[in-house]
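1. I would like to see how this sequence folds:
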Amino acid sequence: MYMNVTEVESALIGLSAAHPTICKLVTLPNLTVEGMRTTHAVVLGTKAANTVDAYYLTGGVHAREWGSCEIMVNMATDLCDAYAGGTGIGYGGKYFSAAEVKALIDGFATGETSGPVAAMQPQVDAWFAHDRMEEIVASLKRDGSELAQATLKTLSEKSPRGMVVTLKLLRLARSSSSLEACLVREYRAALEVFRSDDFREGVRAAVIDKDRNPKWSPSQIEDVTPAMVAPYFAEIGADELVFDQEK
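-> Okay, here's the model as predicted:
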């Protein structure tokens with residue numbers, strides 16, 4: 001049985017009320033896309049704020065690989081009930097003892113502030129403050145730290161054209177008047193991605209041949225031209241994403 005929005009919200013509110021020492025209700029910062037609803041999440045843990053990192057789990061979004069909202073609600077409920085009752089949990093033939101459940105919950109924090117990664121935010125912000133991918137790469141190269149080098153390695157594996165398009169989408173979002181405007185742009189870009197050689201090459205390298213060695217075109221960020229990027233942002237006429245403004 002699937003839950004509706006009201007049932008999901010009620011479940012999260014009830015869970016946080018039943019287990020206040022390990023489950024904190026968090027009001028999400030934005031309304032739903034229709035601009036009508038405030039939604040919530042729950043954070044599980046016992047440690048003090050700003051002492052540990054977190055794992056983010058979500059459900060009920062994206063495409064065929066989705067996991068429903070009920071999966072997340074039921075798992076959070078199972079964890080809280082098992083922790084409070086000193087019992088274990090069984091999922092899909094795998095059993096987690098009471099001690100394992102306790103260790104899991106005790107390993108996370110319910111505070112609103114971030115974990116140790118937050119200490120790196122000024123450094124990360126400095127790397128990615130630029131509006132061109134070439135400048136971001138240059139900033140990372142100048143830093144020379146282990147994290148910067150690991151980030152460079154990750155970027156080197158990605159499609160240069162894809163990174164340039166993504167960065168432009170992010171920068172345009174800063175001055176957008178609404179979420180809808182951002183989604184329209186991203187929809188246009190997504191359709192163009194499906195038509196691109198890089199999409200087919202990425203699927204080949206990851207799914208078909210599985211050599212994990214895609215040959216991007218172009219292969220270097222500096223070779224991505226404005227003419228290559230323009231189609232990702234062009235209007236698409238009758239295929240434009242349209243929102244029902246009457247809701």
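2. please count neighbours and contacts with C-alpha atoms only from this point.
-> Noted.
3. okay, now the residue lying closest to residue 38 once chain neighbours are set aside: neighbour count?
-> In this structure, residue 38 finds its nearest non-sequential neighbour in residue 31, 5.1 Å apart by Cα to Cα, 6 or more residues apart in numbering. Using other Cα atoms under 10 Å, residue 31 is surrounded by 12 other residues.
4. and residue 31, how far is that from residue 7?
-> Residue 31 sits 17 Å away from residue 7, taking Cα to Cα, to the nearest Å as the criterion.
5. and residue 135, by the same measure?
-> Residue 135 sits at a distance of 47 Å from residue 7 (criterion: Cα to Cα).
6. got phi/psi on the most centrally placed residue in the chain?
-> Central residue of the chain (Cα atoms, centre = their mean): residue 56, 8.4 Å from the mean position. When read as degrees, to the nearest 10, the backbone of residue 56 gives phi -110, psi 120.
7. just give the nearest non-adjacent residue to residue 183, would you?
-> Residue 183 sits nearest to residue 241 (Cα to Cα, 6+ apart), 8.0 Å away.
8. residue 80 too?
-> residue 19 is the one closest to residue 80 (Cα to Cα, 6+ apart), at 6.8 Å.
9. now residue 11
-> Closest to residue 11 by Cα to Cα, 6+ apart is residue 73, at 7.2 Å.
10. before we move on, what SS does the one you found have?
-> Three-state assignment for residue 73 (DSSP: H, G, I helix; E, B strand; the rest coil): helix.
11. ok, it touching residue 13?
-> No: applying Cα atoms under 8 Å as the test, residue 73 and residue 13 come out as separate, 10.9 Å apart.
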